[in-house]
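# got a predicted model here, sequence first, then my questions.
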Amino acid sequence: MSEIPKAYEPHSVEEKWLRIWHEGGLFTADPKSPKPTYSIVIPPPNVTGALTMGHVLNNTIQDILARKARMEGREVLWLPGTDHAGIATQTVVERALKKSGDIRHRDDLGREKFLERVREWKEKHGGIIVQQLKKLGCSCDWSRERFTMDAAYSQCVQQAFVELYKKGLIYRGKRMVNWCPVSLTALSDEEVVMKEQKGTMFYFKVSVAEQPGVFLTIATTRPETIPGDTAIAVNPADPRHARFIGRHAIRPLPSELAREKKLIPIIGDEHVDFKFGTGVLKVTPAHDKADFEIGRRHALPLIEVIDPAGRMNPAAGADLKGLDRFKARQIAADKLRELGALEKEEPYTNNVGFSERADAPIEPRLSEQWFLKYPGVVKARDSIQHDEVSAPDAASAEKIRFHPQRWARVYDHWMANLEDWCISRQLWWGHRIPVWSPGPDTLSIAGSKGLDLEKFLGGLEERGCVYSRLPARDSGQSEGMAGEIRRFIAIPPGQEEIVQQLERLGFAQDPDVLDTWFSSWLWPFATMGWTGNPDADSGNETLQKFYPTTDLVTGPDIIFFWVARMIMAGYEFMGQLPFHNVYFTGIIRDKQGRKMSKSLGNSPDPLDLIAKYSADALRFGAMRSAPLGQDVLFDEQNVELGRNFCNKVWNACRFRQMQQGEVQGEIEPALLMADDKWVLLKLDRAIREINTAFCEYKFSDVTATLYRFFWSEFCDWYLETRKATLAQTGAGKSNILAVTDFVLSHVLRLLHPFLPFITEELWRGMGYAGDMPADQGGKTIMFAPWPKSLGDDFKSHYGLDESQERLIELRNAFIVQGRNLRRTANIPANKKVKFIFQPAQPIVPEDVEILKLLLGAGAIEIAPNFQPGKHILSIRHEFGALYLPVEGLVDIAAERGRLEKAREKIQAEIAKVSQKLADPHFTGKVPAAVLEEHETRLRQRRNELAATEAGVKALSD
RNA sequence: GGGCGCUUGGCGCAGCGGUUAGCGCGACUCGUUUACACCGAGUAGGUCGCAGGUUCGAAUCCUGCAGCGCCCA
């Protein structure tokens, strides 16, 4: 590196290394490698998504972990891929097609044509995010990139479904589900987000049929569902209302209906909260989850009044029929008012469930769906390590650690309250449920072929299919179907001819697709080519070598959606936990603490930031602001800082280059100076801090330590003091360069996981790659050995011990005070002045040079017996005394005032400490070390006091 | 309603029983000196949310309260 530019120019450098890394296949994992394993699977981003700051944070952390593991000599697999994101993608495509006027509804195209359009969309927008991740420097094994709808992956999904079906864990049932009237699909509980809504509480009265003139008042936010009410419920323990239990009420709506058709029972149910509203509850079993349960307990009939699209159906009565549910709410209230049944309305705020994707209020609705009873629950529940980090043993190796630990409790709580997972979605984009059932003509077709259907279907079980017969009523068919049998046959992957046979018999595949997360929860092993076939899987080198994975990095917002389910799937399908550690990142927020979102427009485009500051800078900026387990307040300034840091690294290396000379390998112990030893000890401390912080997943601590060591300790102190001695030639100089090279080569390696590009560039440019074996840093810093703290042998060989460290610290503190003296005297930074120095201990000539340079002194006069006269500023310090004659340069009175203020502070401290030391309670109970420390402190303060008083005196007339 | 977390200089955070409470950014002053103005040097700025308690000693532990945020009902 002969001619290097003054400022770091990242863009060509980043492009160059991306090309070299990818062309060299350096991220490719080798399952045959004898090295110990490190593996991590990417949380798959939506295939058509674009990179967000959340992705930047998340993937930078994964890249740091992966790169560090490589340097530690492990065989690393970071497995990337994307998710088909069922609802999200389908919604986006549908919206785009509507906007362009191509369709009014997806039915206009039909399933196949619509899916074609989604695939087109995926081809066009898919892979963008992958390119962006590459640009960020992510060292994923791109040769193994997966997509949840790839053929192989889809087979995994199908296999998993059939296995669970076979075990009886998947069933079809008519249940209350969260229905999205916009997407027209069922949703899982996790896909519903509660939002606070301002609405109205309506109070209306119903008359008690058996007691004319007696009324009960009901409070509700949903008067439009009154036509669906099939009971009035009160708490049997409620003295106001208990006596009405067993009587009947007359439901006011639909108004045109005859009185006897609107008689509904008044029932007692302990679940009625009599503090809420009036204590009288209207029960709408068809449109409310809690009411459905009440209805079930009391065998109430169900009346559906809202259709799948959220409009009122004919059962809602003539006034409401055909209206949207929100419009109907107003009309129903008007109607009640007209009838004289509406007593009052009050503004009311409550929580309403919204569909996460379509952002529409969900409608609880009775619907026939596929449900899963979670497998592997017991193991998954016990799999989390709850103790604080201790030494790993055999038992804890079988457990999963959460970082930060507190998420374990959130996980526990969810696992303790598991409800069956509604896995079917009325969508087209996704894995179609691999279950076929007979059509209306199946029996006659079979008959005409002389085929015994039962025997034929039963026979398919030998080929891995799962055949089940269910009484229609159990699966929620209407009463008239009772006694009929429904047949389902689940077909494992790779049985095309069975499917064809069945379809010739009039069988049809279930039209629904699986919840996206039903494919995501298989991610850790499905991406590695799991088949469910024991022979194939035990011969699968990748699966054998890299499963279970080491770490998972994800956001806490998907702890239920994804993390918990992967743990269950891991135990169920692999018999093992899927990962050993889960690191939960914070949620990225803007400076005002708002969650970053597209709609708020407060999310910067990471690609713009890369263009403006470089990928390294973006990574560094993201990491600097991400403390463990806390939300991240993103500020572009941190990225700017990252750029500045890169520039600093660049220039420190440039400085080294300008000293000429080849890379200096050997440090000669005899030639080491105190500052050299000091910086080596600081490096050692930094390495230890960094490795500790990594163990605890405290990435921002790692960044802070790197920043401090490199910038303050190495650049500001070490390199600056070296400038005073580098003028010399020969062995002394080359030894300094050897130390500098030693430190820089360590710093570059420590920084590499954070700043992969610039460190790679400098690693080769500086020539540090030259004396390394080809596979250990000789070709790329990616495989250079990760720094270990300096061993005791090293330290004793080079004579590094704490006492030298302390001496340099003392001198440096003295220099800071000396500089302060200059500023006090208002001496411009560039003006050379003469200091008088009275050393407190023997001083080497080198130190005088350092003092001179770092104090910006024209000269330093060593005067062991100096007697200060008037108008001389001074500091007295353990390192020595420094005098600066200032007559005429400074406001003597102001300076004296400053010293007097300092004196007061010291006196107060002395008073405090001596009071403590005089207290027998204190001296009697306190540990010896603390006592000693107090005594030392008192001594020091007294010395300081004397010095300060002398200073005051020197300025007094 | 239940749970979790947070509250420390203008801003963002560290410290979680024992020095004069640290760090970074920002502010202010000075400065082109063997790399770097994407830089260097220095300075100012905090009764650690409030109220009690435990202790020789509390930002740190306990209790209560308040405010903010998130999650689950």
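Yep, it's here. Residues are numbered from 1 along each chain as shown, chains lettered A, B, ... in the order given.

# so where do the strands sit in the stretch 601-750 of chain A?
Defined through DSSP state E, counting those that start in this stretch, the strands belonging to the stretch 601-750 of chain A, from first to last, are A:632-633.

# now do A:D359 against RNA strand B, distance only.
With distances defined as C-beta to the nearest atom of the strand, to the nearest Å, the gap from A:D359 to RNA strand B amounts to 14 Å. Any C-beta I mention is one placed from the backbone N, CA and C, and that applies to glycine too.

# what sits against the residue of the stretch 51-200 of chain A found nearest RNA strand B?
Nearest residue of the stretch 51-200 of chain A to RNA strand B: A:D189, at 5.2 Å (C-beta to the nearest atom of the strand). Under the criterion of C-beta atoms under 8 Å, 6 or more residues apart in numbering, the contact list for A:D189 reads A:N178, A:E419, A:C422.

# just the buried ones from those residues, in ChimeraX syntax?
Selection of the buried residues among the contacts of A:D189 in ChimeraX, burial being defined by 16 or more other C-beta atoms under 10 Å:
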select /A:178,422
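
# quick one, phi/psi of A:V192?
Recorded main-chain torsions at A:V192 are phi -100, psi 130, according to degrees, to the nearest 10.

# what's the answer for A:R896, then?
phi -70, psi -40.

# wasn't A:P43 part of a strand?
No: assessed with DSSP: H, G, I helix; E, B strand; the rest coil, A:P43 is coil; it does not lie in a strand.

# what is the burial count for it?
By other C-beta atoms under 10 Å, 20 other residues sit near A:P43.

# now the one 4 residues further on
The burial metric for A:V47, expressed as a neighbour count using other C-beta under 10 Å, is 23.

# may I ask which helix or strand of chain A has the lowest mean pLDDT?
Using mean pLDDT, DSSP states H and E, helix A:394-397 stands out as the lowest-scoring helix or strand of chain A, at a mean of 65.

# before we move on, which element is A:F114 in?
Using DSSP states H and E, the element containing A:F114 is helix A:111-125.

# correction: A:F757
With elements taken from DSSP H and E, the one containing A:F757 is helix A:756-765.

# give the buried residues for the very next helix or strand once past that helix.
Proceeding C-terminally, helix A:756-765 gives way to helix A:792-797 as the next helix or strand, assigned by DSSP H and E. Within helix A:792-797, the residues that count as buried by 16+ other C-beta under 10 Å are A:K795.

# any idea how far whichever helix or strand comes after helix A:792-797 is from the chain center?
Sequence-wise, the next helix or strand beyond helix A:792-797 is helix A:802-824, with elements assigned using DSSP H and E. Relative to the mean C-alpha coordinate of its chain, helix A:802-824 is positioned 43 Å out (C-alpha atoms, centre = their mean, to the nearest Å).

# next, count neighbours for the residue of the stretch 1-150 of chain A found nearest RNA strand B.
Of the stretch 1-150 of chain A, the residue with the smallest distance to RNA strand B, taken as C-beta to the nearest atom of the strand, is A:A7 at 4.1 Å. A:A7 has 12 neighbours, counted by other C-beta under 10 Å.

# tell me the contacts of it?
Taking C-beta under 8 Å, 6+ apart as the contact definition, A:A7 lies against A:N647, A:W650.

# can we see that at 6 Å?
For A:A7, the contacting residues are A:N647, by C-beta atoms under 6 Å, 6 or more residues apart in numbering.

# model confidence for it, exactly?
On pLDDT, A:A7 comes in at 82.

# need phi/psi at it.
Per-residue torsions, A:A7: phi -110, psi 150 (degrees, to the nearest 10).

# how close does it get to A:F757?
Taken as C-beta to C-beta, to the nearest Å, the spacing of A:A7 relative to A:F757 amounts to 15 Å.

# ok, the helix holding A:F757 near RNA strand B or not?
No: under the criterion of C-beta under 7 Å from any atom of the strand, RNA strand B is not reached by helix A:756-765; the shortest gap measures 10.9 Å.

# could you do stretch A:613-621 as well?
No: applying C-beta under 7 Å from any atom of the strand, one finds stretch A:613-621 out of contact with RNA strand B, separated by at least 8.1 Å.

# who touches that stretch?
For stretch A:613-621, the external contacting residues (C-beta under 6 Å, 6+ apart) are A:10, A:14, A:60, A:136-137, A:609-610, A:638-639, A:642-643, A:645-646, A:754-755, A:757-758.

# quick one, domains of chain A?
Using automatic domain parsing, the domain ranges for chain A come out as A:1-25+A:656-800, A:180-366, A:435-509, A:805-954.

# with distance to A:I87 added, can I get these in a markdown table?
Converted to a markdown table, these look like this (distance: least, C-beta to C-beta, whole Å):
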| stretch | distance to A:I87 |
| --- | --- |
| domain A:1-25+A:656-800 | 32 |
| domain A:180-366 | 4 |
| domain A:435-509 | 20 |
| domain A:805-954 | 60 |
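
# A:K35 is nearest to which of these?
Ranking the domains of chain A by distance to A:K35, with C-beta to C-beta as the measure, places domain A:1-25+A:656-800 first at 10.5 Å.

# any weak-confidence spans in the stretch 751-900 of chain A?
Counting by pLDDT under 70, the low-confidence segments of the stretch 751-900 of chain A come to A:887-891.

# which parts of it sit against RNA strand B?
Of all the residues in the stretch 751-900 of chain A, those lying near RNA strand B are A:I815, A:V816, A:R819, A:N820, A:R823, A:P828, A:A829, A:N830, A:G856, going by C-beta under 7 Å from any atom of the strand.

# which residues in the stretch 151-300 of chain A form strands?
With strands called from DSSP E, counting those that start in this stretch, the stretch 151-300 of chain A shows them at A:170-180, A:185-187, A:192-208, A:215-220, A:231-234, A:248-250, A:263-268, A:280-283.

# pLDDT on the last one, on average?
Averaged across strand A:280-283, the pLDDT comes to 88.

# ok, now the fifth one?
Per-residue pLDDT values over strand A:231-234 give a mean of 87.

# contacts for it next, please.
Contacts to strand A:231-234, defined as C-beta under 6 Å, 6+ apart, come from residues A:241, A:249, A:264-267, A:269, A:272, A:280-281, A:283, A:294, A:300.

# would CSV of the residues you listed with distance to A:L65 be doable?
As requested, the contacts of strand A:231-234 are arranged in CSV below (distance: C-beta to C-beta, whole Å):
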residue, distance to A:L65
A:H241, 61
A:A249, 64
A:I264, 61
A:P265, 62
A:I266, 62
A:I267, 58
A:D269, 53
A:V272, 53
A:V280, 58
A:L281, 53
A:V283, 54
A:I294, 51
A:L300, 56
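
# neighbours around A:T148, how many?
When neighbours are counted by other C-beta under 10 Å, A:T148 registers 26.

# how far away is it from A:V93?
Distance from A:T148 to A:V93, by C-beta to C-beta: 16 Å.
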